[in-house]
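Enquirer: here is the input, now give the coordinates:
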Amino acid sequence: MRESLLAKLLRYAIYLVAFVPLVIFSQYISPFHFGKVIVFRTLIEIMAVGYLLLIWRDRSYLPRGNIILWSLLAFTGAFSISTVFGVQQYFSFWGTLERMGGLWTFWHYIVFFFIATSVLKTREHWHSFLNFTLIASMLSAFYGFGQKTSIEFFIGSGGRERIFGTIGNAALFAGYELVNVFLALTLFFRPENTSGKKMFFATAVIVDSIAVIMTVVRGSVLGLGVGLTLFTVLYYLNFNSKRAKRLFLSLVVAIGIFFLVLITPIKDSGFIQGSRFLLRITDTSFDTYTAKTRFWAWQAGLEGWKDTPKTMLVGWGPESFNIPFSKYFNPKFFAGPGSETFFDRAHNMFVEILVTMGLVGFLTYIAIFWASFRALRRVSHLKPADKIYKIGFIPLLVAYVIHNSFIFDTSANLIVFFTILSFIAFLELSSKGTTSPKPTPLRRHWLQVPTTILLIFGTTILIYRTNIRPSQANYATTRAIIQGWSNNFNSAVIKFRESLSYDVPGKYEYRNRFAQYILEQTSGKDLTPEMMESLEFAIKEVEKNVNENPKDYLPLLYLSRLHIVLGKEGPNSAHNNVALNYSLRALEISPTFVRTYYEVAQAYLNKQDLSGAVSYFKQASELNPDVGLSFWYWGVTEYERGNKEAGLKIIRGSLLKPIGGFSESDYLRMVNIFIEANDYSTVVKLYETLVGLTPQNPRYHASLAVAYARIGQIDKAVASARKAAQVDPTYGPDAEAFIRSLGRQP
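Expert: The predicted structure follows:
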């Protein structure tokens, strides 16, 4: 029977989904994730209307039950239950702006699975879809290769060390390309291929493999190596291929050489050390900061999972990993300003799901892989001609599991993963000889026309409310940020107000970004009436975040800082007590978060209660004794409250800590303190550090020359004076006079 026009249009729409990973909304916040999800959801919502109308007219397009479908429905049920019982239901349902996950978006992947497995009825349909998927992966790879150039067309270009293609993150990009490598490898070995098709699939394997390697993501490269090795083993066992045997031996030798490099002095050779790529790919140490943060995050998450029977069973709720992470925060995360102290994901999908969805979610997630392996086994048993799919897709899933043990899924990864699951489901159904019911078009019914109109109208409203308005809010926020870069304070505030007026998913992030902008514009400045008004408006907006997210410490810290700015008017300002209240509430939520202690201490400083400030700076120092910044704050506060000897001792100790975290202004303030204390040996060390930080600042060279002279190191004083004149010739006359005063010739 001829395919209906509606079915054909749906099929073409499914093909379009393959290209969603290429979408980039460059003028939006989260440009590599936001646009993909907005486009994907819109496509699926339009397709859903067409699909409902199609199955009303022709029951042969109804979904057919299979083991993968049941496993996905079980996981979707667990996802939904965890959302209902989670601590942040809004985030669990709508997701966050950065990741664009959540239950609402996940339902769209399930609908995509339903439509794909129902509408793509023939192998020709599926092979076309898979070919488009591979074309998209290669385009994304070539976009990544462009990031190694200086061509501005490629976002992120400029000779990047690690490419991220159209996905925006090297690890996520590696996972997307990794799945496509094994998809292309599997299709390459189909017996019915023409030479042209073999060339296409071989090209995809090579291009996507190079892309994975160029990300230098060790977990993904490991998955690639293990997957290829497993593929050759399975191919040899199933076809007794001598070529596969030789390839397997070659891979074993290559892996052996790699491990030999890791355990021998070759690893420390100039050849390895001189290449950033080789240095990173051979760095398997668990002592690196990145590796440690992953383990600390997993540890915090698992502690959170064990928190109560409820969290063990159904978790904290999707998109809520940050809550147990902050509750069991490891202070070692804090390594001074700029350190990564916020993990909204576990960077391990299995830990992520266990913590956020509990045992119910974890077991149903594992069931998806079990169902896939079982379906592939059935495919090869019932239809031996399809054995290549078992040989190729088992390594694909194994590689995917390895990759996901070090990262998480986002839209592009989930689209290609659900594509593979849908195809496996199709293979299982076709291998069992399960056929669709014969077409049974219904007679025209008077309800069809009004129902169609109602569905189209309802979907239009849905798309506008859940996709278009969030896009408008996002775009308004980026316009505000750009106005801020141009120092147009009033215009930036107007645009921020516009973005907040939409009241759409993402409002949490927009409020915090607005608060951050206001803090940047007002901290340390005389407040104008416009600034005062914006501060008060920002406080009202962030208070909404506090009320909507009572377990989240971050908006509390924003409120504390906003009130601290207003509290600068005097020690008796009521704002200081309000700031103290908010920061102490944040401390109850995350008692080991170092920065919160700084906020509490700052409120006490505003109140001119130096004893209170000392108490909290000291506690911050004890939480992570390796960070010098905490000791510096503690020491300078002790010094200012009159304990000068104790303060000087603490400040000297701060300079010996393995992690400094000091700013240039911190060093300059230390200089003044030690000059007052007549400790020029320490002054010399401080100016040496400043010279190292900003070698083109002639004032630091000149000050270092004076400090050297004070401790009797005349040769060094002369050299520093000459360096000051060399950096800035206007210092020449003063430098000559200074050198003569030391009894030397200029």
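
Enquirer: in the stretch 301-450 of the chain, which spans are helices?
Expert: 309-314, 322-327, 349-382, 387-404, 411-431, 448-463 (DSSP state H, counting those that start in this stretch).

Enquirer: actually the stretch 1-150 of the chain, not the one I wrote
Expert: In the stretch 1-150 of the chain, the helices defined using DSSP H, counting those that start in this stretch lie at 5-17, 34-57, 67-85, 89-94, 103-119, 123-146.

Enquirer: still on that earlier bit, can you add mean pLDDT, distance to Leu222 and mean neighbour count and give the helices of the stretch 301-450 of the chain back as CSV?
Expert: Yep, even glycine has a C-beta here, placed from its N, CA and C like the rest. Compiled in CSV, those are given as follows (pLDDT from 0 to 100; distance: least, Cβ to Cβ, whole Å; neighbours: other Cβ atoms under 10 Å):
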stretch, mean pLDDT, distance to Leu222, mean neighbour count
helix 309-314, 97, 30, 16
helix 322-327, 96, 25, 24
helix 349-382, 94, 15, 20
helix 387-404, 95, 6, 23
helix 411-431, 94, 17, 23
helix 448-463, 91, 41, 13
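
Enquirer: domains of this protein?
Expert: 5-431, 506-608 (automatic domain parsing).

Enquirer: TSV please, covering the ones you listed and showing distance to Leu704.
Expert: Shown next, in TSV, are the domains of the chain (distance: least, Cβ to Cβ, whole Å):
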stretch	distance to Leu704
domain 5-431	24
domain 506-608	28
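
Enquirer: Ser681: which of those is closest?
Expert: domain 5-431 (24.8 Å; Cβ to Cβ).

Enquirer: now the end-to-end length of the closest one.
Expert: 28 Å (Cα to Cα, to the nearest Å).

Enquirer: work out the gap between it and the centre of the chain.
Expert: On the basis of Cα atoms, centre = their mean, to the nearest Å, domain 5-431 sits 15 Å off its chain's mean C-alpha point.

Enquirer: going forward can the numbers begin at 417, since that is how I track them
Expert: Yep, numbering from 417; the last one is domain 421-847 now.

Enquirer: quick one: Thr867 from Tyr924, how far?
Expert: 37 Å (Cβ to Cβ, to the nearest Å).

Enquirer: please pull out the lowest mean pLDDT helix or strand from the protein.
Expert: Least confident helix or strand, the chain: helix 686-689 with a mean of 55, by mean pLDDT, DSSP states H and E.

Enquirer: ok, Pro866 to Thr875 distance?
Expert: Separation of Pro866 from Thr875 (Cβ to Cβ): 15 Å.

Enquirer: wait, doesn't Gly575 sit right on Ser566?
Expert: Yes - if you go by Cβ atoms under 8 Å, Gly575 and Ser566 touch, sitting 6.6 Å apart.

Enquirer: tell me the mean pLDDT for stretch 509-520?
Expert: In this model, stretch 509-520 has an average pLDDT of 94.

Enquirer: er, stretch 570-581 I mean
Expert: Rounded mean pLDDT across stretch 570-581 is 88.

Enquirer: what do you get for stretch 1092-1102?
Expert: 94.

Enquirer: returning to that earlier point: and the domains of the chain: which comes nearest Gln1142?
Expert: domain 421-847 (31.3 Å).

Enquirer: what does stretch 720-734 contact?
Expert: Contacts to stretch 720-734, defined as Cβ atoms under 8 Å, 6 or more residues apart in numbering, come from residues 494-495, 497-499, 501-505, 507-508, 517-519, 522, 739-741, 743-744, 769-777.

Enquirer: mind checking the end-to-end distance for it?
Expert: 14 Å.

Enquirer: where does the prediction get shaky in this protein?
Expert: Residues of the chain meeting the criterion pLDDT under 70: 417-418, 660, 664, 670-671, 673-703, 798, 849-862.

Enquirer: most distant residue from the centre of it?
Expert: Ranked by distance from the centre of the chain (Cα atoms, centre = their mean), the top residue is Gly1159, with 60.2 Å.

Enquirer: in a strand, that residue, correct?
Expert: No - counting by DSSP: H, G, I helix; E, B strand; the rest coil, Gly1159 is not found in a strand; it is coil.

Enquirer: could you count how many residues lie near the spatially closest residue to it that is not a sequence neighbour?
Expert: Once flanking residues are discounted, Gly1159 sits nearest to Ile1130: 7.9 Å by Cβ to Cβ, 6 or more residues apart in numbering. Residues contacting Ile1130 under the criterion other Cβ atoms under 10 Å number 15.

Enquirer: gap between Ile1130 and Phe1090?
Expert: 21 Å.

Enquirer: which residues touch Ile807?
Expert: By Cβ under 8 Å, 6+ apart, the residues touching Ile807 are 602, 605, 647, 650-651, 654.
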